[in-house]
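S.K.: coords below, sequence missing:
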């Protein structure tokens, strides 16, 4: 599902943690602990939660959400994506982008030929990878590096890519 208008997904609830209503909170922020500072966070269905991080746990945080007091309530929120209004997020430096801004951008090669559309940004630990949907062709996984992606033009809603040799077949 696309992010609700004017909102950026900053995290998701991965389930309950403990027996007193804490949740396992996965942060999608560059500084993972910053997620609490963007609260109250919103859900796709319009609910709002204050967030208090109680401690780091492997791959996430244990956190308290306002109004969630039991393990059952916490578990019922599993899979819920949490959003912050864009104006609460920090300004980005040059050549920094929110993933939400890249989804849906047209991708062309350095000669202007269409390659496809950004479907997702993947991060497997070694750097971001653009997943590019291509009509009638297999998806293209393109490293999101300066060499492979020399230009991101958010105004024109376009990315210019210079795929490594052999990537397109």
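M.R.: It's in. Please read these numbers as outputs of a predicted model, since none were measured by experiment.
S.K.: how about the strands in this structure?
M.R.: Secondary structure of the chain (DSSP state E): strands at 7-17, 22-27, 41-42, 48-49, 51-57, 60-65, 81-85, 106-109, 114-123, 128-134, 137-143, 151-153, 158-161.
S.K.: could those be laid out in a markdown table, adding distance to residue 96, mean neighbour count and mean pLDDT?
M.R.: Any C-beta I mention is one placed from the backbone N, CA and C, and that applies to glycine too. Listed next are these as a markdown table, based on distance: least, Cβ to Cβ, whole Å; neighbours: other Cβ atoms under 10 Å; pLDDT from 0 to 100:
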| stretch | distance to residue 96 | mean neighbour count | mean pLDDT |
| --- | --- | --- | --- |
| strand 7-17 | 14 | 21 | 93 |
| strand 22-27 | 17 | 24 | 96 |
| strand 41-42 | 22 | 22 | 96 |
| strand 48-49 | 27 | 18 | 96 |
| strand 51-57 | 24 | 15 | 96 |
| strand 60-65 | 23 | 22 | 96 |
| strand 81-85 | 17 | 21 | 94 |
| strand 106-109 | 19 | 17 | 95 |
| strand 114-123 | 13 | 16 | 91 |
| strand 128-134 | 11 | 18 | 93 |
| strand 137-143 | 17 | 15 | 91 |
| strand 151-153 | 10 | 14 | 93 |
| strand 158-161 | 15 | 20 | 96 |
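S.K.: what's the closest of those strands to residue 94?
M.R.: Between residue 94 and those, the tightest spacing by Cβ to Cβ is seen for strand 151-153, at 10.7 Å.
S.K.: outside of that closest one, which residues touch it?
M.R.: Strand 151-153 is contacted from outside by 95, 97, 102, 105, 158-160, using Cβ atoms under 8 Å, 6 or more residues apart in numbering.
S.K.: what residues does stretch 83-97 touch?
M.R.: Here stretch 83-97 makes contact (Cβ under 8 Å, 6+ apart) with 3-4, 6-10, 34, 38-39, 41-44, 98, 146, 152, 154.
S.K.: What's the end-to-end length of stretch 104-118?
M.R.: End-to-end span of stretch 104-118 (Cα to Cα, to the nearest Å): 5 Å.
S.K.: Pull the number of nearby residues for residue 156.
M.R.: Residues lying near residue 156 (other Cβ atoms under 10 Å) number 11.
S.K.: actually residue 47, not the one I typed
M.R.: Residue 47 has 14 neighbours, counted by other Cβ under 10 Å.
S.K.: Could you check how far it is from residue 85?
M.R.: In this view, residue 47 and residue 85 are 15 Å apart by Cβ to Cβ, to the nearest Å.
S.K.: And residue 141, by the same measure?
M.R.: Distance from residue 141 to residue 85, by Cβ to Cβ: 31 Å.
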